[in-house]
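Colleague: Build me a structure from this.
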Amino acid sequence: MGWLADMRKSYERGGLDEEEAPIDPLSLFRTWFDEALAEQVLEPNAMTLATVGADGRPSTRVVLIKSYDERGLVWFSNYESRKGRELAEHPWAALQFHWVSQERVVRVEGRVQRVDAAESDAYYASRPLDSRLGAWASPQSQVIGGRSVLVAAAARAAAQHGLHPARPPHWGGYRLQPDAWEFWAGRPSRLHDRLRYRLVAGHWVRERLAP
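Modeller: Model prediction:
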């Protein structure tokens, strides 16, 4: 099978026991996220987003979480991108954080909806100018003839919108409202810890899964 079959890592940093885990999964996520920040994990806010199109084919990409609270986890994107079109057809998605150096993974599943316009406006206004103009310039996920197309579009956007561009109507935020969380922590001998939380009748049920 070649050298890939010989690649192995022993997970030694610790685990996750039920007595250490709160009843509320958001509290555990906040603790783990804060620890990733404190340890200066590379891009701790990066998460893989999985969606499904009308044809039943799944697709993934990496997006950045921008806020989270009891209502859910928020990121921003072009509504006309592939993920935007897929979420319009099938408004359910999954997220995954992988903090490699901490030997931890967090998976989240739930229904997705757009955030309100005021929230999208506020975040858009906080972005660097180049990023705000880029939201106008990029026809995200569409085929283009080359990078020169993007450069020209960015120049046109700068000339048209100046230093204070308004948020494009095709760009804004999404919020995933979790109904399931899973927390994975590496253990030696591949006997990893997996704690799952399921939302049942408005209450979280915590369960251990075999690794």
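
Colleague: Just name the shakiest helix or strand of this structure by mean pLDDT.
Modeller: Within the chain, no helix or strand scores below helix 147-161, which has a mean of 92 by mean pLDDT, DSSP states H and E.

Colleague: Can you list the helices and strands that it packs against?
Modeller: Applying 3 or more Cβ pairs under 8 Å, 6 or more residues apart in numbering; DSSP states H and E, one finds that helix 147-161 contacts helix 129-137. Yep, even glycine has a C-beta here, placed from its N, CA and C like the rest.

Colleague: What helices and strands are in contact with the helix it packs on?
Modeller: Using 3+ Cβ pairs under 8 Å, 6+ apart: helix 129-137 touches helix 117-126, helix 147-161.

Colleague: which outside residues touch the shortest one?
Modeller: Same thing as helix 117-126. 66, 74, 76, 114, 132, 135, 167, 171, 172, 173 (Cβ atoms under 8 Å, 6 or more residues apart in numbering).

Colleague: repeat for the longest one
Modeller: Counting contacts by Cβ under 8 Å, 6+ apart, the residues outside helix 147-161 that touch it are 130, 133, 134, 136, 137, 138, 139, 144, 165.

Colleague: Heading C-terminal from that helix, find the next helix or strand.
Modeller: The helix or strand immediately downstream of helix 147-161 is strand 171-185, counting by DSSP states H and E.

Colleague: Mind listing what's buried along that following strand?
Modeller: 171-176, 178, 180-185 (16 or more other Cβ atoms under 10 Å).

Colleague: Direction included, what does that strand pair up with?
Modeller: Sheet pairing of strand 171-185 (DSSP bridges) gives strand 72-78 (antiparallel), strand 104-114 (antiparallel), strand 193-200 (antiparallel).

Colleague: The ones you listed into a markdown table, with extra columns for mean pLDDT?
Modeller: Listed next are the strands paired with strand 171-185 as a markdown table, based on pLDDT from 0 to 100:
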| stretch | mean pLDDT |
| --- | --- |
| strand 72-78 | 98 |
| strand 104-114 | 98 |
| strand 193-200 | 97 |
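
Colleague: Just tell me which of those strands ends up closest to residue 33.
Modeller: With Cβ to Cβ as the measure, strand 104-114 is the member of the strands paired with strand 171-185 nearest residue 33 (8.3 Å).

Colleague: gap between that closest one and the chain center?
Modeller: Using Cα atoms, centre = their mean, to the nearest Å, the distance from the centre of strand 104-114 to the centre of the chain it belongs to is 7 Å.

Colleague: now swap in stretch 54-65 and tell me
Modeller: The answer for stretch 54-65 is 10 Å, by Cα atoms, centre = their mean.

Colleague: Quick check: residue 93 is in a strand.
Modeller: Yes: assessed by DSSP: H, G, I helix; E, B strand; the rest coil, residue 93 belongs to a strand.

Colleague: That one against residue 110, yeah?
Modeller: Yes: when contacts are counted by Cβ atoms under 8 Å, residue 93 is listed as touching residue 110 (7.4 Å).

Colleague: residues shared between the contacts of the two?
Modeller: Shared contacts of residue 93 and residue 110, counting by Cβ under 8 Å, 6+ apart, come down to residue 176.

Colleague: Need the pLDDT of the most centrally placed residue in the chain.
Modeller: Nearest to the mean C-alpha position of the chain, counting by Cα atoms, centre = their mean, stands residue 47 at 3.7 Å. Listed pLDDT for residue 47 reads 98.
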